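J.: Fold the following.
(2 chains)
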Amino acid sequence: MSEETEAALAAVFRGEWPRLVGAAMRITGDLQAAEDSVQETLLVALDRWPLQGVPDRPGAWLMTVCRNRARNLVRDSGRAQQRAESMRPLLAGQQRQGDDQPEIADDRLRLIAMCCHPLLSADAQVALTLRLVAGLTTEEIARGCHLPATAIAQRIVRAKRILKEHRVVFSAGDPDVRDRLRSILDVIYLVFNEGYLPAAGQTVTRGDLASEARRLACLLTELLPGEPEPQALRALLSFQLSRWPTRAGPDGALLTLDAQDRTQWDRDLIADGARALELARQGERGPLLIQAELAGCHATAPTFAATDWDAILARYDELLAIQDTPVVALNRAVAVAMAAGPAAALPLLDRLAEDPALRGSHRIWAVRADVHLRAGQTRAALADYDRALDLVTNEAERRYLSTARHQAEEDPMPAFRKSPPGLIARFDELAQLAGDADRKLMFGYPVCVLRGNMFMGLHQDSLILRLAEADRAEFLGRYDARLFEPMPGRPMKEYIVVPPALVDDDDAIGEWVRRSRTCAEQLPAKKPKKKG
Amino acid sequence: MSEFLLLGARPPAPDEASLGGIARDVMAQTAWHWWLRRWGLLRSFGLPPDPAGELRACLVIRASGQPAAERLAADWGQVSGYRVTLVPLSCKAAGRGGTR
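T.: Numbers count the residues shown, from 1 in each chain, chains lettered A, B, ... in the order given. Reported below is the predicted structural model:
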C-alpha cells in the first residue's frame, strides 16, 4: 500500500467532507448533529472499505451513508418537528420569488458563508472554517495555530452556539454570498498567513494551514467560477506557495528571496497562479489582484537580479492608492530601495518608523537595517537590527536577524551570493566568443582575462562587461542597463551589468562580448603578480 | 487448522475524526485483510446491517491453534481499534457450514 494511495484516499475524504457536512445540515438542521453524522459515516467507511473494497464511486457511497445516518439521527432523537423550523432559516433551499439576491447553489459554499458569518469574530471564523469546511480536528487546528486545543475547542463551541442562538439572522434568507465574499476571502487569507509566516513558533512555515488555505481558495473558484476575486486569491496563494520548499534552510532559518534556489520553486503552482491571474484580470483591479500580480512578478523572475522592480514599484503605487496602510507603505519602500537605490528608500523608512502601527513591529526595523546596510551605514543598521530583535517573536526570524546582525558587525561588506550554475554555463559559452582569453576565478566568480586585464565576468546573478567609453555610452543608451556597482555607492565605471534578457540573446550578446575583448586588447598588459 | 470467529466491536466513537487519520487507518486495515486473504487465513466475513451498532465486523479465520488465533485477534484489534472477542468454532463440519 503506497503513500500515494493513502494520499488519494485522504483527498477523497477531504474533498467530500464539506459536501457531507452541508448535506447533513440540510437534514438535521444542527451543526453538531451534522458533524456527528459525518463522523459516523467515516467510521462506517473505515469498517467496510477494508473488507469490501473501496467503492467505485467513494463520494457517492459516503453521501448515501451520510444522508441515511443523518435521517436516522433526526428520527431517533425526535427532531423531525424542530427540523422544519430550524432548517429553513439556516440552509433554505427554496429560492424566493422576485428576489434578485444570488442563491448559494452548493452546500459547501453555504457552509463557508455560514462559517464566515459577521456575527463571529475573525478568530472564530478561522477556527470554524478549518473545522467544518477543511475537516481538520481541533487538535490539528490547535497545532497549526500554536494554541492549546482547549482554546480552539472553546472557540468552535462558542461559534456554533452563537450561530444557533442567532438563527433568526439567517431567516431573512440565504446568506448573500456576494456581500459575504469579502469576509470569506479575508478568512482564507488569514488562514494562509497564519500558515505562511506565523507570528510565533519555532519554524518559519506551517505547510498544512497554508496548503489548506489554497485548497479553500481553489474550492471557492470552482464554486464561484464567474467571480474574479477568488481567482485573484487563488493566484496569490499559488504564487506564494510555489516558493514553499525554499523559504527555509536545512536548519529552519529563514531564506530571503535573493537566497532561495529558484530551480526548486513549484512550476505547476506558478502555472496555476498564472492561469488564475488571467481570469482575475477580467474583474476590477482590487487589492487582491494587485497583490497577486506582485507575487507573480517575483514567481516568474528567472533570477533575483532579473526581478522587474520598476513594475513592482508601479503596482505598489497602485496598491497604496486604494489601500493606504502602513504595511503596504513599508513594502513599497522595499521596492523603492530595490528600484531606485537605498538612498531613495531611507527617508520613506524614517517616516514609517514614526508610525505607531509599525513602531511595535520588528518588520520596519528589519527592513530599515537591511537598507541602511545596503547604503553602507553599518552603525545605523546595527541599531535597527537590535530593535528588530527586541520585538521579533518568531524563532526562525529571530535566528535570521541575529545572523544578519552578526554578519553586519563582523563584515560590513555585503555577503555576495554564488552565481547560479545555469549562468556559469552560459558564461562559458560566451567565453568561447572571446577567443584566447584566460578563464580565471576572481572572488569565486568566473572571469575572462586578457594579458592580465579582466574584461568579462560574473557577479552574483549578473554578467558584467568592461567596455570602452563610447561603447559604454552606446550600451547604456540602447539597453535598460546600469553601471556595475558591487558595493552601494562605489560603481566600477568601466563596467556595465548586462540585462538578463540580453545575456540569452545569441544574436546581440556576441557583438558586445567582442567589443569587451577589444577594450581589454587596448589596455596595457599587466605583469603577473609574484607569488609569495 | 481450526476455524475461529473474531467479533470486532468499536469502542465509543471519538468526538472528532481526522480525515488524514481515517485514510491511514483504511489503508492499514485493507493491507492487513489483504495479507490474511493471501495466506488463506480469512474464510469469510460479515458486516452488520446497522452500522451504528456496537458490533462492527466479524471474521471467520483459520489458524493452527488457539495461540495463533489469539495472535491474529490481537493484530486485528491493533490495526482496527476494535475490541475483539475470539470464539473457537470447535466442530470443523459445523464451522464450515456455519460460515456460509
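J.: what about the strands in chain A?
T.: Using DSSP state E, the strands of chain A run over residues A:438-442, A:445-450, A:453-459, A:462-466, A:482-487, A:490-498.
J.: Hmm, I typed the wrong one, I wanted chain B.
T.: Here chain B has its strands, by DSSP E, at B:2-9, B:42-46, B:55-63, B:83-89.
J.: got these as JSON lines, with mean neighbour count, distance to chain A and mean pLDDT columns?
T.: Where C-beta positions appear, they are placed from N, C-alpha and C, glycine not excepted. Output for the strands of chain B, formatted as JSON lines (neighbours: other C-beta atoms under 10 Å in any protein chain shown; distance: least, C-beta to the nearest C-beta, whole Å; pLDDT from 0 to 100):
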{"stretch": "strand B:2-9", "mean neighbour count": "20", "distance to chain A": "8", "mean pLDDT": "93"}
{"stretch": "strand B:42-46", "mean neighbour count": "17", "distance to chain A": "5", "mean pLDDT": "93"}
{"stretch": "strand B:55-63", "mean neighbour count": "21", "distance to chain A": "5", "mean pLDDT": "93"}
{"stretch": "strand B:83-89", "mean neighbour count": "16", "distance to chain A": "13", "mean pLDDT": "94"}
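J.: wait, which of these is closest to residue A:217?
T.: strand B:55-63 (37.7 Å; C-beta to C-beta).
J.: Provide the strand pairings for that closest one, with the direction of each partner.
T.: strand B:2-9 (antiparallel), strand B:42-46 (antiparallel) (DSSP bridges).
J.: got the angle for the shortest one vs strand B:83-89?
T.: I take that to be strand B:42-46. In terms of direction (axes from the mean of the first three to the mean of the last three C-alpha atoms, to 10 degrees), strand B:42-46 departs from strand B:83-89 by 120 degrees.
J.: residues touching residue A:159, list them.
T.: Contact analysis of residue A:159 by C-beta atoms under 8 Å, 6 or more residues apart in numbering or on different chains lists A:115, A:120, A:124, A:125, A:127, A:128.
J.: Could you check the pLDDT of it?
T.: Residue A:159 is assigned 89 on the pLDDT scale.
J.: Report the contact partners of the closest residue to residue A:333 other than its chain neighbours.
T.: Excluding its sequence neighbours, the residue lying closest to residue A:333 (C-beta to C-beta, 6 or more residues apart in numbering or on different chains) is residue A:348, at 4.3 Å. Shown in contact with residue A:348 (C-beta under 8 Å, 6+ apart): A:329, A:332, A:333, A:336.
J.: what does the stretch 51-200 of chain A put close to chain B?
T.: Contact residues (C-beta under 8 Å from any C-beta of the partner chain) of the stretch 51-200 of chain A with chain B: A:51, A:52, A:54, A:65, A:69, A:72, A:135, A:136, A:137, A:138, A:139, A:140.
J.: Now restrict the residues you listed to buried residues only.
T.: Applying 16 or more other C-beta atoms under 10 Å in any protein chain shown to those, the neighbour count classes A:51, A:54, A:65, A:69, A:72, A:135, A:136, A:137, A:138, A:140 as buried.
J.: close enough to count as contact, residue A:380 and residue A:372?
T.: Yes. Here residue A:380 reaches residue A:372: they are 4.3 Å apart, a contact under C-beta atoms under 8 Å.
J.: Neighbour count for these two, which is higher?
T.: Neighbour count, other C-beta atoms under 10 Å in any protein chain shown: between residue A:380 and residue A:372, residue A:372 has more, with 23 against 16.
J.: wait, doesn't that one sit right on residue A:387?
T.: No. Taking contacts as C-beta under 8 Å, residue A:372 lies outside contact range of residue A:387: 11.7 Å.
J.: which regions of the chain sit below the pLDDT cut-off?
T.: All of this is about chain A. A:1-4, A:78-106, A:144-146, A:167-178, A:195-208, A:411-417, A:487-490, A:527-532 (pLDDT under 70).
J.: I was after chain B.
T.: B:13-14, B:90-100.
J.: Scan it for its longest helix.
T.: Looking only at chain B and at elements set by DSSP state H, the helix with the highest residue count is helix B:19-38.
J.: same deal with chain A?
T.: For chain A, the helix reaching the highest residue count under DSSP H is reported as helix A:3-28.
J.: For that helix, name the packing helices and strands.
T.: helix A:31-52, helix A:58-76, helix A:80-91, helix A:107-115, helix B:19-38 (3 or more C-beta pairs under 8 Å, 6 or more residues apart in numbering or on different chains; DSSP states H and E).
J.: if you set the cut-off to 10 Å instead, what comes out?
T.: Helix A:3-28 makes packing contacts with helix A:31-52, helix A:58-76, helix A:80-91, helix A:107-115, helix A:207-223, helix B:19-38 when contacts are defined by 3 or more C-beta pairs under 10 Å, 6 or more residues apart in numbering or on different chains; DSSP states H and E.
J.: Going by residue numbers, what spans are helices in the stretch 151-300 of chain A?
T.: Using DSSP state H, counting those that start in this stretch, the helices found in the stretch 151-300 of chain A span residues A:167-170, A:177-196, A:207-223, A:228-242, A:267-280, A:287-300.
J.: Could you dump those helices into TSV with mean neighbour count added?
T.: Formatted as TSV, the helices of the stretch 151-300 of chain A follow (neighbours: other C-beta atoms under 10 Å in any protein chain shown):
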stretch	mean neighbour count
helix A:167-170	14
helix A:177-196	20
helix A:207-223	21
helix A:228-242	27
helix A:267-280	18
helix A:287-300	22
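J.: got those helices as a markdown table, with distance to residue B:81 columns?
T.: As requested, these are exported to a markdown table (distance: least, C-beta to C-beta, whole Å):
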| stretch | distance to residue B:81 |
| --- | --- |
| helix A:167-170 | 37 |
| helix A:177-196 | 30 |
| helix A:207-223 | 24 |
| helix A:228-242 | 34 |
| helix A:267-280 | 37 |
| helix A:287-300 | 44 |
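J.: Which parts of the stretch 351-500 of chain A are helices?
T.: Going by DSSP H, counting those that start in this stretch, the stretch 351-500 of chain A shows helices at A:356-359, A:362-374, A:378-391, A:395-410, A:421-433, A:469-478, A:500-503.
J.: deepest of those helices, which one?
T.: helix A:362-374 (a mean of 24; mean count of other C-beta atoms under 10 Å in any protein chain shown).
J.: In PDB, list the C-alpha atoms belonging to it.
T.: Only the C-alpha atoms of helix A:362-374 are listed here, as PDB (Å, rounded to 0.1, in the frame of the first residue of the first chain):
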ATOM      1  CA  HIS A 362      10.000  44.100  14.100                       C
ATOM      2  CA  ARG A 363       9.500  44.300  10.400                       C
ATOM      3  CA  ILE A 364      10.100  48.000  10.000                       C
ATOM      4  CA  TRP A 365      13.400  47.800  11.900                       C
ATOM      5  CA  ALA A 366      14.500  44.700  10.000                       C
ATOM      6  CA  VAL A 367      13.800  46.300   6.700                       C
ATOM      7  CA  ARG A 368      15.500  49.600   7.700                       C
ATOM      8  CA  ALA A 369      18.500  47.700   9.000                       C
ATOM      9  CA  ASP A 370      18.900  46.000   5.600                       C
ATOM     10  CA  VAL A 371      18.500  49.200   3.700                       C
ATOM     11  CA  HIS A 372      21.000  51.000   6.000                       C
ATOM     12  CA  LEU A 373      23.400  48.200   5.400                       C
ATOM     13  CA  ARG A 374      23.000  48.500   1.600                       C
END
